[in-house]
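Student: What would the 3D arrangement of this be:
(one chain, ligands or ions: 1)
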Amino acid sequence: MAAALDPDRVSRWRGDWETMMHRYQPGRAEQLIAGLAAAEQVHGRTPDRVLDIGGGPGTTAEAILGRWPDAHVTVLDIDPALLALADTAVTQLHTIRADINSPGWISCADGPYDLVLALMTVHYLSQDRVRTWYAEARQLLRPGGVLLVGDVMPDATAPTRPSNGGDAPWTAWWTSLGREPAMASLLSERAVAMSGIACAEFVAPVDWHRATARQAGFGEATVLHRQADQTLMAFRPSPADPVPRQRSGLAPA
Ligand SMILES: C[S@@+](CC[C@H](N)C(=O)[O-])C[C@H]1O[C@@H](n2cnc3c(N)ncnc32)[C@H](O)[C@@H]1O
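Tutor: Got it, this is the predicted structure:
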């Protein structure tokens, strides 16, 4: 059994995570605010059920709970070490360990949701997998639900991103975590979970995401925020093309 984690250290690592992610995601905080404001506007109220796919140590999920304290927020991730940080820091969170590369992941995702988001996560998947993933994410949405996808989406009009230090900030964060004896067993578990899994470094422009999401049954695609090539898009399922119940496996909302 993993040793209990020191909440103060967990708090520091999660703070350092945010600092590190800001290096890769200019406008990260503003992007999230834009996404949550759009979700409120679409629903006309605060969403009840939220799923953060690839939510890592739960820092985004915690910010969501800060804005919507009564929401049921779930973090889904493949990484047991990051999920342990989320669980230790925010007891109100629900966490699910699952691999979005595996075809069965939506059956353990506990849908449906009002809001599904994936921030800096889809670039881990191959292009073909992202195509399928959009259709899967759609099946997790309640009628009227919203999908937010934030990632690098370069195109000719996007200004060049500021230098972000390459892999160095990411590596430094993981090295620091690796020095903590209480993380040893979780990091061993992580090594097993992640063996054979490499980040695909997939990037595609806004138009590709829009067209792919449309093929997956999303009628509306909007760019909510853009800073350098970091983009947040919102997708809403086409009401004229509901997901057949047998295929989605979802109970009526
Ligand atoms: C760059 S981090 C972003 C984390 C978080 N969304 C944030 O913005 O702080 C990418 C996340 O995707 C998760 N991830 C990568 N591949 C995954 C997979 N196949 N299934 C589930 N999660 C995955 C990683 O474990 C990591 O937490």
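
Student: drop to CA atoms for contacts and neighbour counts, all remaining ones
Tutor: Will do.

Student: who in the stretch 51-200 of the chain is up against the ligand?
Tutor: Selection of the stretch 51-200 of the chain residues close to the ligand by Cα under 6 Å from any ligand atom yields 54-56, 77-79, 98-101, 119-121, 124.

Student: Out of the residues you listed, flag the one nearest to Gly144.
Tutor: Leu119 (20.5 Å; Cα to Cα).

Student: could you list every residue that touches the closest one?
Tutor: Ile53, Gly54, Gly55, Leu148, Val149, Gly150, Asp151 (Cα atoms under 8 Å, 6 or more residues apart in numbering).

Student: Can you add pLDDT and give the residues of the stretch 51-200 of the chain next to the ligand back as a markdown table?
Tutor: As requested, those are exported to a markdown table (pLDDT from 0 to 100):
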| residue | pLDDT |
| --- | --- |
| Gly54 | 98 |
| Gly55 | 98 |
| Gly56 | 98 |
| Asp77 | 98 |
| Ile78 | 97 |
| Asp79 | 97 |
| Ala98 | 97 |
| Asp99 | 96 |
| Ile100 | 97 |
| Asn101 | 94 |
| Leu119 | 98 |
| Met120 | 97 |
| Thr121 | 97 |
| Tyr124 | 95 |
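
Student: picking up where we left off before, would you list the contacts of Leu119 in CSV and tack on distance to Ala29?
Tutor: Output for the contacts of Leu119, formatted as CSV (distance: Cα to Cα, whole Å):
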residue, distance to Ala29
Ile53, 18
Gly54, 17
Gly55, 15
Leu148, 14
Val149, 15
Gly150, 12
Asp151, 14
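
Student: In helices, which of those residues fall?
Tutor: Counting by DSSP state H, the contacts of Leu119 place none of their members in helices.

Student: Quick check: PyMOL command selecting the buried ones in the residues you listed.
Tutor: PyMOL command restricting the contacts of Leu119 to the buried ones, with burial defined by 16 or more other Cα atoms under 10 Å:
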select buried, resi 53+54+55+148+149+150+151
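
Student: follow-up on the earlier one: with secondary structure as added columns, please give the residues of the stretch 51-200 of the chain next to the ligand in TSV.
Tutor: Below are those laid out as TSV (DSSP: H, G, I helix; E, B strand; the rest coil):
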residue	secondary structure
Gly54	coil
Gly55	coil
Gly56	coil
Asp77	strand
Ile78	coil
Asp79	coil
Ala98	coil
Asp99	coil
Ile100	coil
Asn101	coil
Leu119	strand
Met120	coil
Thr121	coil
Tyr124	helix
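
Student: quick one: the helices in the stretch 51-200 of the chain?
Tutor: Applying DSSP state H, counting those that start in this stretch to the stretch 51-200 of the chain gives helices spanning 59-67, 80-89, 127-139, 168-178, 184-193.
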